[in-house]
Every structure is written in structure tokens, then in C-alpha cells.
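J.: how would this look folded up:
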Amino acid sequence: MMTDLAPAIELGWVGRLFLFGLLVGVPIIAVLQPIDRSIPLPPRRDLYLSGVVGTLALGALVWLALWIEGVPLAAVGLHEVDALRFLAWTGATALGALAGNFAITRAAAAFGVEESRLTYHLMPRERGERRLFLALSAAAGLGEEFTYHGFAVAGLAAWTGSGWWAAVIANLAFGVLHGYQGQVGMARAALIGMVLTLPVILGAGLWPSIAAHFLVDALLGLWLWKWMIPGKRVQAEI
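T.: Sure, this is the predicted structure:
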């Protein structure tokens with residue numbers, strides 16, 4: 001087993017309630033979202049803007065919970081890391097996450113498991129949409145990593161005594177959080193989440209995870225999604 005250098009924080013009742021909400025409440029809300037194929041999908045720009053606001057708001061609530069608990073940001077992984085180590089971890093993590101995305105996406109296609117239509121709908125088609133999608137990618141990288149791979153992992157590590165188990169639990173919730181993407185999307189998010197948590201567990205902190213998350217989302221949305229998904233299905237959706 002690799003060295004476990006994950007941050008661990010002892011939470012008070014405010015932090016514990018918030019952690020419970022992240023691990024149970026938010027995923028339940030995500031699962032309960034309607035997926036009827038007859039329901040019209042909102043415009044992409046509206047989805048991007050709501051995603052930016054919602055993700056950053058969630059991160060702000062995490063910051064508020066940490067402030068109430070008197071926990072510094074460095075305690076959940078937002079500590080300094082030298083430039084060379086940051087670049088190495090960011091590159092390796094992004095490549096690993098992209099490889100996991102490709103493996104699950106192609107395996108699902110091979111077994112006839114359909115992607116959700118919202119997954120395709122979220123991919124930008126026009127220049128203006130691409131700019132907003134980059135903003136969404138940045139917000140997701142910062143907000144989701146800070147929330148699930150910083151705060152949640154650190155809180156769970158103190159409870160379980162293991163950063164690895166903390167990562168497993170946090171990323172199960174992280175996967176369910178992506179229930180709007182269907183079964184494939186949940187499995188993909190959980191696996192990629194584990195990859196993105198590696199810098200945190202192995203001592204490099206959250207900054208490489210945040211940067212890698214942004215790169216993965218941006219590359220997939222702007223270009224790679226058409227390459228990773230079998231061509232016939234792409235043409236049917238666009």
C-alpha cells in the first residue's frame with residue numbers, strides 16, 4: 001500500500017452535519033432528478049451558468065463550515081506545492097483521469113449501455129458555448145475538488161483512520177452526484193474521482209487535483225468527447 005498522507009480534520013457538529021449532507025443529501029437529490037426522455041432539456045448556456053453558480057456556492061458553503069469550525073484551508077489540502085511537483089502531478093493525474101474516462105466510455109458502448117442524453121447535450125457546439133463551458137470546467141475543478149476531495153476526504157480520514165477508505169466513500173458519493181449522467185456517468189465519475197484524489201492522499205495536496213479536473217473537463221468538452229464516443233452515436237446526438 002502506498003503511503004497515506006491524506007489530510008485529516010476532526011469536525012464539530014456543524015462540519016459533521018455538512019459532511020453528512022454532502023455524502024447523503026446531495027447525492028439523493030441528484031438521483032431524484034427526472035430522467036424521462038420526453039422532458040425537454042434546458043438551453044446549454046443556462047445549464048452552464050447554473051452549474052457555475054451552484055458549484056461555486058457549494059464551495060462557499062464548505063469554506064463557511066471550515067471557518068465556523070476554525071479549520072484553515074491548508075488542513076484540507078490547499079497548501080503550497082512547488083512548481084515542478086505541481087506540474088508533474090497535474091499532468092499525471094489528468095492523463096490517468098482521461099484514460100479512465102476512455103476505458104469506461106468505450107466499455108459501456110461495447111456492452112450496449114447507453115449514455116444519458118444530458119451527457120451529450122452538455123457538450124458545447126458553438127464558440128460562445130465553449131467559453132461558458134471553460135468557465136464551468138474551472139468552477140467544477142475548484143468547487144468539486146475542494147468539496148469532495150478536500151473537505152470530505154479530510155473529514156472522513158479522521159473518522160476512518162485511512163485516507164484510502166475516505167477516498168472510496170467520498171467518491172462513491174461523488175459518483176452518485178453525477179446521476180444525471182446515468183449509470184455510465186456515475187461509474188465514470190467515481191473512477192475519475194479516485195484518480196483525482198491521488199495527489200491529496202499522497203501528499204501533493206489539492207492544487208494538482210483542481211488543475212487536472214479543469215483540464216479533463218475542458219479537453220473532453222472542447223474536443224475529446226467526439227473521439228472517445230463511438231462515431232455513429234455521436235452523429236446521432238449532434
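J.: Now do the helix ranked longest in the chain, average pLDDT.
T.: Criterion DSSP state H: the longest helix present in the chain is helix 83-110. The average pLDDT for helix 83-110 rounds to 94.
J.: For that helix, name the packing helices and strands.
T.: On a contact count with 3 or more CB pairs under 8 Å, 6 or more residues apart in numbering; DSSP states H and E, helix 83-110 meets helix 182-201, helix 207-219, helix 225-228. C-beta here means a position set from N, CA and C on the backbone, and glycine is covered the same way.
J.: Now do that helix against helix 182-201: the angle between them, please.
T.: 160 degrees (axes from the mean of the first three to the mean of the last three CA atoms, to 10 degrees).
J.: Which of the helices and strands in the chain ranks last by mean pLDDT?
T.: In the chain, the helix or strand scored least confidently by mean pLDDT, DSSP states H and E is helix 231-237, which has a mean of 45.
J.: if we can go back for a sec, including mean neighbour count, mean pLDDT and distance to G163, could the helices and strands packed on helix 83-110 go into CSV?
T.: As requested, the helices and strands packed on helix 83-110 are exported to CSV (neighbours: other CB atoms under 10 Å; pLDDT from 0 to 100; distance: least, CB to CB, whole Å):
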stretch, mean neighbour count, mean pLDDT, distance to G163
helix 182-201, 23, 93, 4
helix 207-219, 23, 97, 13
helix 225-228, 14, 75, 30
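J.: can you redo those helices as CSV with distance to A140?
T.: Compiled in CSV, these are given as follows (distance: least, CB to CB, whole Å):
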stretch, distance to A140
helix 182-201, 11
helix 207-219, 6
helix 225-228, 15
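J.: closest to G141 out of the ones you listed?
T.: With distances scored as CB to CB, the stretch of these nearest to G141 is helix 207-219 (3.5 Å).
J.: before we move on, back to that, quick one, which of the helices and strands packed on helix 83-110 is nearest to G161?
T.: Using CB to CB as the measure, helix 182-201 is the one of those that comes nearest G161, at 13.4 Å.
J.: For stretch 160-170, list every residue counted as buried.
T.: S162, G163, W164, W165, A166, A167, V168, I169, A170 (16 or more other CB atoms under 10 Å).
J.: Check the offset of it from the chain's centre.
T.: The chain centroid and the centroid of stretch 160-170 are separated by 16 Å under CA atoms, centre = their mean, to the nearest Å.
J.: Next: stretch 123-130.
T.: For stretch 123-130 - counting by CA atoms, centre = their mean - the centre lies 21 Å from the chain centre.
J.: same check, this time on stretch 56-75
T.: Using CA atoms, centre = their mean, the offset of stretch 56-75 from its chain centre is 18 Å.
J.: mind saving the C-alpha coords of that stretch as PDB?
T.: What follows is stretch 56-75, C-alpha atoms only, in PDB (Å, rounded to 0.1, in the frame of the first residue of the first chain):
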ATOM      1  CA  LEU A  56     -19.100  27.800  -6.500                       C
ATOM      2  CA  ALA A  57     -22.000  28.200  -4.000                       C
ATOM      3  CA  LEU A  58     -21.300  24.700  -2.700                       C
ATOM      4  CA  GLY A  59     -17.600  25.500  -2.300                       C
ATOM      5  CA  ALA A  60     -18.500  28.700  -0.500                       C
ATOM      6  CA  LEU A  61     -20.600  26.800   2.000                       C
ATOM      7  CA  VAL A  62     -17.700  24.400   2.600                       C
ATOM      8  CA  TRP A  63     -15.500  27.400   3.300                       C
ATOM      9  CA  LEU A  64     -18.100  28.700   5.700                       C
ATOM     10  CA  ALA A  65     -18.300  25.400   7.500                       C
ATOM     11  CA  LEU A  66     -14.500  25.300   7.800                       C
ATOM     12  CA  TRP A  67     -14.500  28.900   9.000                       C
ATOM     13  CA  ILE A  68     -17.100  28.100  11.700                       C
ATOM     14  CA  GLU A  69     -15.000  25.100  12.700                       C
ATOM     15  CA  GLY A  70     -11.800  27.200  12.800                       C
ATOM     16  CA  VAL A  71     -10.100  24.900  10.300                       C
ATOM     17  CA  PRO A  72      -7.500  26.500   7.900                       C
ATOM     18  CA  LEU A  73      -7.700  25.800   4.200                       C
ATOM     19  CA  ALA A  74      -4.300  24.200   4.300                       C
ATOM     20  CA  ALA A  75      -5.700  21.500   6.600                       C
END
